[in-house]
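Enquirer: dropping a prediction and its sequence here:
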Amino acid sequence: MNTTLNVLTVTLAGGFLAAALAQNAVPEIRFDSVPNAIQLPAGLYLGEVAGVATNSKGDLFVYTRTGHPTVTIGTMRPFAHGGSRMFQFDRTGKYVREIGKETYGFMAAAQVRVDPADNIWAVDEMSNMVMKFDAEGRVAMLLGRKAESEIIPPRARAGDGAGQPTDLFNRPTDVAWDAAGNIFVADGAGNARIAKFDKDGKYIKSWGKRGTGPGEFADVLSIAVDAQGNVYAGDGGNRRIQVFDNNGVFKTAFSNFGNAQAMCLTRGANPVLYVSNSNPWNDIDVAGEIYRMRLDGTVLGKFGRAGRLLKEFGAVNSIDCRGENTLFVGELANLRVQKLVLH
């Protein structure tokens, strides 16, 4: 028995040592954080920064949870709105305007993305809606449906997470597009699936349910689509990224960078994926680093750590990487946006 225990102890120790050595072997990427990267007007503050994204002009969009919802009661259909706001800044960080003020679907920001035509897409976790704004800030398309009869939608995870085979969401978290304009929504905080729509917003199909096997998710908090139409899904609860073809057929999975709560895929001939190993909510002083990796899962380097100072991260929920070496990062725990320059 002692011999068996000794062998087991050596085996486990060797496994932990190999994992530690592999982690330490990842090259550190030098970087800086630009102080005062955005300038807010007097009296205006950011809450939890759920989404950051830039357009082709370099303007920055920030979708933030302000914590001031309004509830209408005493009517046939009581409902809540407000609680999140979207701000636009120019390429120098100067405040430009607010988009979607008092919008019916803004409750709890989950993500903001900008598509190739410079349309701005807001994903809201509590209204269960994905809202497309044109470049002028006008509402152009709505996906999902807000449950007006529920003041706050339930957070319980019912069923197997596969959701309804429609465009009805349960706490959606992210959105991406392929070259044909098809829309992919990560319906991944209440459900555990990915929903696909055509460019006109018509529902096509969905895949995924709660579990640990291929094609199953603990959650889907981030999503990206490459030039070939492959879909990368951040399955943070299972500490992996799963890769699917354009129709949801499982291809492979990567699991060497922790909780993939935020992802961003660069453009160009040699794209790379930035992945945040975001801090868990029960201990924001651990993890926090951001990885750079090839699309085959090869890790090229990492940078940052948990913390509250510049160049440290607290619950990163969004990354913009329109410029491969200039990133914008939105943090939930530190209530801020960081502009990072990689060297």
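Expert: Yes, it's here. Residues are numbered from 1 along each chain as shown.
Enquirer: only alpha carbons, please: show the longest strand seen in the chain as PDB.
Expert: With secondary structure taken from DSSP state E, the chain has its longest strand at strand 60-72. This file holds the C-alpha atoms of strand 60-72, laid out as PDB (Å, rounded to 0.1, in the frame of the first residue of the first chain):
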ATOM      1  CA  LEU A  60     -14.300  53.600 -29.400                       C
ATOM      2  CA  PHE A  61     -17.600  52.300 -28.100                       C
ATOM      3  CA  VAL A  62     -18.000  51.500 -24.400                       C
ATOM      4  CA  TYR A  63     -21.100  49.600 -23.100                       C
ATOM      5  CA  THR A  64     -21.200  49.900 -19.300                       C
ATOM      6  CA  ARG A  65     -23.500  48.900 -16.500                       C
ATOM      7  CA  THR A  66     -24.500  52.100 -14.700                       C
ATOM      8  CA  GLY A  67     -26.600  50.500 -12.000                       C
ATOM      9  CA  HIS A  68     -29.700  52.800 -12.300                       C
ATOM     10  CA  PRO A  69     -32.600  50.800 -13.800                       C
ATOM     11  CA  THR A  70     -36.100  52.200 -14.000                       C
ATOM     12  CA  VAL A  71     -39.100  50.000 -13.200                       C
ATOM     13  CA  THR A  72     -42.500  50.800 -14.600                       C
END
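Enquirer: and the next helix or strand after that strand with strand 60-72, angle?
Expert: Counting by DSSP states H and E, the next helix or strand C-terminal to strand 60-72 is strand 79-89. Relative orientation of strand 79-89 versus strand 60-72 (axes from the mean of the first three to the mean of the last three Cα atoms, to 10 degrees): 160 degrees.
Enquirer: what's the helix or strand just after strand 79-89 packed up against?
Expert: Later in the chain than strand 79-89, the nearest helix or strand by DSSP H and E is strand 95-99. Secondary-structure packing of strand 95-99 (3 or more Cβ pairs under 8 Å, 6 or more residues apart in numbering; DSSP states H and E): strand 79-89. For glycine as for every other residue, the C-beta is placed from the backbone atoms N, C-alpha and C.
Enquirer: the strand it packs on pairs with which strands?
Expert: In the sheet, strand 79-89 lines up against strand 60-72 (antiparallel), strand 95-99 (antiparallel) (DSSP bridges).
Enquirer: can you pull out the residues in contact with the last one?
Expert: Surrounding strand 95-99, the residues in contact under the criterion Cβ atoms under 8 Å, 6 or more residues apart in numbering are 38-41, 44, 59, 61, 85-90, 120, 133, 137.
Enquirer: try 7 Å this time
Expert: The contact list for strand 95-99 (Cβ atoms under 7 Å, 6 or more residues apart in numbering) reads 39-41, 59, 85-90, 120, 133, 137.
Enquirer: kindly report the same for stretch 205-216.
Expert: 160-163, 165, 192-196, 217-218, 220, 238, 248, 250, 253.
Enquirer: same thing but at 6 Å, please
Expert: By Cβ atoms under 6 Å, 6 or more residues apart in numbering, the residues outside stretch 205-216 that reach it are 160-162, 192-196, 217, 238, 248, 250.
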